[in-house]
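K.L.:
Got a sequence here, can you model it:
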Amino acid sequence: MGKYKMLRTSIYVLRGLGWLIFIGGLAVGFLAWLNPEIIVSYGVPLFGGSGISAGLAIVFVSTIEAVLILALAELIRLFISMDEGLQKLKDFFISGK
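P.N.:
Residues are numbered from 1 along each chain as shown. From the prediction side, this is the model:
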C-alpha cells in the first residue's frame with residue numbers, strides 16, 4: 001500500500017478536476033444559454049443569434065473533457081491494481097518452490 005503514493009494522490013486530484021470541469025461546464029453552458037451576450041462580448045459569433053448552440057457546445061466539450069480526465073484517473077488506478085496483483089502472483093509462485 002505504500003508504493004506509488006504520488007500516483008494515488010494524482011488519482012484523487014484528477015477525479016476532483018474531472019468533476020469540477022463537468023459541473024463548471026454545466027454551469028457556464030447554462031449561463032451562456034440564459035445570457036448569450038456574455039459569449040458575444042468575448043467575440044464569439046452565435047449561430048442564429050441564440051445562446052442555445054453556444055450553451056450546448058460548452059456542455060458537450062466540457063463533458064468530453066471530464067470523461068477523459070476521469071478515465072485517466074481510472075486507468076492509473078487500474079495500472080496500480082495490476083501491479084499489486086502481479087506482485088502477489090509472483091510471490092505465490094516463488095514461495096511455492
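K.L.:
if I pick E84, what's in contact with it?
P.N.:
By Cβ atoms under 8 Å, 6 or more residues apart in numbering, the contact list for E84 is empty. Any C-beta I mention is one placed from the backbone N, CA and C, and that applies to glycine too.
K.L.:
Can you point out the buried residues in stretch 54-74?
P.N.:
A54, G55, I58, V59, S62, A66, I69, L70, L72, A73 (16 or more other Cβ atoms under 10 Å).
K.L.:
now stretch 77-95
P.N.:
Within stretch 77-95, not a single residue qualifies as buried, counting by 16+ other Cβ under 10 Å.
K.L.:
do stretch 25-42 as well
P.N.:
By 16+ other Cβ under 10 Å, the buried positions in stretch 25-42 come out as G25, L26, V28, G29, A32, W33, P36, I39.
K.L.:
Verify the stated contact: the second one with A66.
P.N.:
No: between L26 and A66 no contact is recorded; they are 9.6 Å apart, counting by Cβ atoms under 8 Å.
K.L.:
Let me know the next secondary structure element after the helix or strand encompassing I21.
P.N.:
For I21, the host element (DSSP states H and E) is helix 5-34. Once the chain leaves helix 5-34, the next helix or strand it forms, by DSSP H and E, is helix 37-41.
K.L.:
Which strands and helices lie in contact with that following helix?
P.N.:
Identification of packing neighbours for helix 37-41 by 3 or more Cβ pairs under 8 Å, 6 or more residues apart in numbering; DSSP states H and E yields helix 5-34.
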